[in-house]
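K.L.:
Sequence isn't available, so here's the structure alone:
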């Protein structure tokens, strides 16, 4: 398992530089490696997820891992003014045809002037078939068409079939823009980092990297023969607990002369406990920090230092969990979970706006047909996936992704609809995990209202996507199903006396158990009447009798529901108390679960294991989303931010300022009770605000909407400064 | 592409010997490598089929190539009297659990006495996940259970899910019975063979191996720097036609000292034309003959020397085309085609009775869900596949194979039924290849009667298999569909005036075109009344006005239909004329197509290419089947030859004798007009014959059935000699 790590890093760097220089030197169209859409994503997902270990043991997923199609045909038609020489590369065994004529497997090819078709057919069992083609005007990119069954047979006379039964999709691509940048060789970059503190112990040393981090441990000046044990800990307690820490690695050393060596797998930790056997010595330890090279375009600063710290730690938590894909947590699972990823997409829209990572994650989660299980085996996680696809379109405007995914949306929805019971409701069948949240004593039995709500929203998302791809019949079908289901939900679960949706129904009878889940989703899904909304706020969200949520995962939605009802001052206090509570416990990244009533090392335990809990979990980073969407108040109104709104809400802060990334540039917002300063790089925005006095804006036309509400239309590229007088809540 | 071939061969041999000795040394239960059923078969099929080249160019299939599941859980429960140490191997990254407790990836494991469960979970992207486990009583074999989704999640308390939603299948296996015998390293064995004749030419040499053969070319005493071109020919004309021969290979040579080298891919040929560039020399050429190590258990000898020669060449043709799978032809496609394979299965039952090759071929053809195309894209080929599954059960009695395949039978049948038109008939839709046969001017338009007949038989096979696996509802459904379709076929296509089924229907109107296809299948499917049968015989089969069949493929069924009606003397003459005709043309193996009206090199052309025709095609070997089933007259009456019949028919021969293999031993038959001598190793046989005089058999009780017909029950292991007086037809 000990690979020549440095060489790998150097090679990756070299390939990167070569790629960059190739890009710079040529005026050619941007050629990039292409593949069957979703296939590279599924393959890379397998690579990444299979890096999970538990105390050194390989620990794979428990759902079906799909694989790429091993034989792919790529083609595109060109109309050339002049003959053109192209270079060709493929990952796999391949052949090339020009206008149907086989040409073997050339690495260079001259295409004559006029109309021509290039076909490349590639076989690769181990890694996804991929091609790279580059000429003066010809370039492999997402406009090429691909299929896994070209159905091109020949009859006895040698005539080729018409291929009318073949489905062609647009090729998948990412950023492998040089012939040497093989998609199968992809590695995240690393950076050398020094330890913050080193404590020598009788058995070796305990190294503190100062905060939660991720990467490979490099042992310097290693010498002797024997084993070095490396125990990782997100806490110092964990690193010291050699019998119960979650991850570890044993390195076999046989070095007569001093040399450096690197652990085989990247890991999550703050502390490492290094224990060389007698006869083995080392000088020091450093880190090769491994990270996704995504840019933090989103920013947030305000008058509250604790909130600034929360935002920073949330952003760092999010960065650590943004890797090849959006993962759940960096220590333990390192898997792609749909419910966790859904929140990461939303946070991403306010931090990186890195659409490729969203698209990759959606493909990897969905896998391939036939559907034999819910995504991650979890019912709710199938639903989040549907919702995420339309959401993504709303933020990114990337219609191609919806088109590529739509057939897989249909088959997954068929699977879900096929698992409804005789009353048309979802109930956990054999093999279905009804997750909802980690919460003691939470019932998953019967027909849980929360799941019906998610199905209803999924059907609405299906209808929207169906319309988008021109499937009118589908759109109508899904919308009707959604409408019927919503009516059934309220007929079944709404308890007027309690002013809430009840948790579930069993044996045909609604329970009188009230939980937060369905109620808070009903708010931001906009399923409640204004009167119901107020009832729910009082009888559920602000009611301490209803069991508290102890995961940042569901706090995300709880606080979103409150923000959607304008409770920003309350939510601000909750954020400071909950996320601030973790900081007070010494957190350097946010956790999988936080129960303020627990003490000391109780915070580290979960799943019946003393260090089972993840101390760096993506779903811990939700302040990023809440602050961007509900305080800076920025969200798209039409897909891809063609139009958008800014509704700043200080929530009691003296001032705040920040940046929200969009597909075509940033939106900046600065707010105080007296001044609003906003600017959007593209699209048309609407600034909405309340003012006690008549507001003014030089060069902007403020429209009064009555009741002290005002709107200002924002043209792209212009900064607007509004003087106003904030209405405190 | 030039690999150290000899080393590979030597390694394969060594592994084989190790396997054999490991087997011999231990009294342990037979442990064997196991995998997810069908997965190794699909993977090996990809490996084999992608060896097709056309003039050096990689030439892959045009249908979807599936792949193995990359992550598999294997388990079995054991109840041990004593603790037991087992050795463990896996192809892939793996972990082991004993009673749910993770143990890492040990290569040895001690299982305590009592009831225990061993789980092994394996990930492998490039080759199928596989395991080998061997102890005193514990052994990996087909009784282990496997799944691609164990759905074993844990809740927040660490409790494991109940896995009740997981489908477990029995493991797949073959004969990799030693830990060193890695399934992924499988290679067919080879044997060194010398050339028959060598002709030196100004450019090099033309080598004749005496008859059609297959393997690698070894160049001896190669020296110099440059290229050696190797042109292969099934005919001498082809080997000499350097511009149009179908296969070739260029070897780059850079050897200052004399050395041997071997071509990179095994090929089909009789002749090779070796052309070294100037500066390269070689001493001689030999062959590494590559073959499937299957035993020829079936035998046939008779009083007609030409027929003996036909049987021998047919057996050789069959052997060459029996490789990792039953393939179509060894020169060109080397692919697995369902229609071709169906005939190979039938021939196999009379030659090798090698059930693993049948099972492998069925799995490889079917691939995985979802079904997006007919098998090989050909409508008829989907149908042959269904029919082959029940047929195989009838011959082999291997119920496990039906059980493993049944879910894939259901989904393929759903696909087929979903493609019926509004009248419930099959018609070629976009992407469907309606093949039937290679025949000039044969119409594939509209609703072809032949396809409906095959669907009807497929539905009957589905009903039988459904019953077998306990799916009563399915059995009833499929039988009803078959009954309805059969009635529709006769209502639609039977033309009483012509005494035949017509070829097709177009625009709702049956044509008056009569072809042989549907009519001959209707006979041996037993779909015709005795009166209709006689009409069809006269108006179609023996009617020279109906277009003649020019492929051995459809001659197979034509002659089978005639044999089923007792026309053995006629069929004998046809065999001598048709297959004898190929021998007269110099054939050393039987061809893809043979039209006796063609002359000279016309016989070599097909698909518009001068050497496009395959001169060694599996479907050319049908005399094997006809002679075994309809002359020796042996066939099972109940699955796996539990009961069987022998109905010898000399068809005009003075004598014949032969052997028919069965699952539990051989059946031997010797017949002359005066004596019948039969013996069956197992099961209960019935010998049926006609005699002009009262027959006698020492130790056997002959029962008269009236009209000169007699029966004798055959107990296993006993030889019966019957004296009788044959009735000449």
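P.N.:
Structure received. Worth saying up front: this structure is predicted, and the values here are computed from it rather than measured.
K.L.:
Where is the longest strand in chain A?
P.N.:
Longest strand of chain A, by residue count under DSSP state E: strand A:204-233.
K.L.:
tell me what that strand is packed against?
P.N.:
Other helices and strands packing on strand A:204-233, by 3 or more C-beta pairs under 8 Å, 6 or more residues apart in numbering or on different chains; DSSP states H and E, are strand A:190-194, strand A:197-201, helix A:236-240, strand A:248-262, strand A:267-276, strand A:280-281, strand A:284-290, helix A:305-321. C-betas here are computed from N, CA, C, even on glycine.
K.L.:
Out of these, the one nearest residue B:75 is which?
P.N.:
Of all those, strand A:248-262 sits nearest to residue B:75, with 26.6 Å by C-beta to C-beta.
K.L.:
what comes up buried for that closest one?
P.N.:
Within strand A:248-262, the residues that qualify as buried are A:248, A:249, A:251, A:253, A:260, A:261, A:262, counting by 16 or more other C-beta atoms under 10 Å in any protein chain shown.
K.L.:
And the contacts of it?
P.N.:
Outside strand A:248-262, the residues that touch it by C-beta atoms under 8 Å, 6 or more residues apart in numbering or on different chains are A:2, A:5-6, A:55-56, A:216-232, A:242, A:263-265, A:267, A:276, A:280, A:283, A:288.
K.L.:
pLDDT of that strand, averaged?
P.N.:
On average, the pLDDT along strand A:248-262 is 96.
K.L.:
again with stretch A:459-470
P.N.:
Mean predicted confidence for stretch A:459-470 is 98.
K.L.:
Quick one: residues in contact with it.
P.N.:
Outside stretch A:459-470, the residues that touch it by C-beta under 8 Å, 6+ apart are A:386-387, A:389-391, A:393, A:399, A:402-403, A:406, A:409-410, A:413, A:472, A:474-479, A:481-482, A:485.
K.L.:
in the stretch 501-650 of chain A, what residue is nearest chain B?
P.N.:
With C-beta to the nearest C-beta as the measure, residue A:608 is the residue of the stretch 501-650 of chain A nearest to chain B, at 3.2 Å.
K.L.:
Could you pull up the residues touching residue A:263?
P.N.:
Residue A:263 touches A:216, A:217, A:218, A:230, A:249, A:251, counting by C-beta under 8 Å, 6+ apart.
K.L.:
can you list the domains in chain A?
P.N.:
According to automatic domain parsing, chain A comprises the domains A:5-185, A:190-290, A:299-629, A:633-723.
K.L.:
chain center to the third one: distance?
P.N.:
Counting by C-alpha atoms, centre = their mean, to the nearest Å, domain A:299-629 is centred 13 Å from the centre of its parent chain.
K.L.:
Check stretch A:264-281 too.
P.N.:
On C-alpha atoms, centre = their mean, the centre of stretch A:264-281 falls 31 Å from the chain's centre.
K.L.:
is any part of it close to chain B?
P.N.:
No. Using C-beta under 8 Å from any C-beta of the partner chain, stretch A:264-281 never reaches chain B; the gap is at least 11.7 Å.
K.L.:
Give the buried residues for that stretch.
P.N.:
Across stretch A:264-281, burial judged by 16+ other C-beta under 10 Å covers A:264, A:266-276, A:280.
K.L.:
What about whichever residue of the stretch 101-250 of chain A sits closest to chain B, how many residues nearby?
P.N.:
Across the stretch 101-250 of chain A, the shortest distance to chain B (C-beta to the nearest C-beta) belongs to residue A:165, at 1.6 Å. Here the number of neighbours of residue A:165 (other C-beta atoms under 10 Å in any protein chain shown) works out to 19.
K.L.:
Tell me the spacing between it and residue B:429.
P.N.:
Separation of residue A:165 from residue B:429 (C-beta to C-beta, to the nearest Å) stands at 7 Å.
K.L.:
Mean neighbour count, the domains of chain A: which tops it?
P.N.:
Ranked by mean neighbour count, the domains of chain A are led by domain A:299-629 with a mean of 20 (mean count of other C-beta atoms under 10 Å in any protein chain shown).
K.L.:
Figure out the length between the terminal residues of that one.
P.N.:
Start and end residues of domain A:299-629 are separated by 12 Å (C-alpha to C-alpha, to the nearest Å).
K.L.:
picking up where we left off before, take the buried residues of stretch A:264-281 and write them to CSV, including distance to residue A:437.
P.N.:
Below are the buried residues of stretch A:264-281 laid out as CSV (distance: C-beta to C-beta, whole Å):
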residue, distance to residue A:437
A:264, 35
A:266, 29
A:267, 27
A:268, 23
A:269, 27
A:270, 27
A:271, 30
A:272, 32
A:273, 33
A:274, 38
A:275, 38
A:276, 43
A:280, 46
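K.L.:
contacting residues around the residue sitting furthest away from the middle of chain A?
P.N.:
Distance from the C-alpha centroid of chain A peaks at residue A:157, with 52.8 Å (C-alpha atoms, centre = their mean). By C-beta under 8 Å, 6+ apart, the residues touching residue A:157 are B:607, B:608.
K.L.:
one more time with 6 Å
P.N.:
Going by C-beta atoms under 6 Å, 6 or more residues apart in numbering or on different chains, residue A:157 touches residue B:608.
K.L.:
how far away is residue A:189 from residue A:291?
P.N.:
The value you get for residue A:189 to residue A:291, if C-beta to C-beta is used, is 7 Å.
K.L.:
Compare neighbour counts for the two and give me the winner.
P.N.:
Taking other C-beta under 10 Å, residue A:189 and residue A:291 do not tie; residue A:291 has more neighbours (17 against 14).
K.L.:
Provide a list of residues in contact with the closest residue to chain B within the stretch 401-550 of chain A.
P.N.:
Residue of the stretch 401-550 of chain A nearest chain B, by C-beta to the nearest C-beta: residue A:431 (1.5 Å). Residues near residue A:431 by C-beta under 6 Å, 6+ apart: B:151, B:165.
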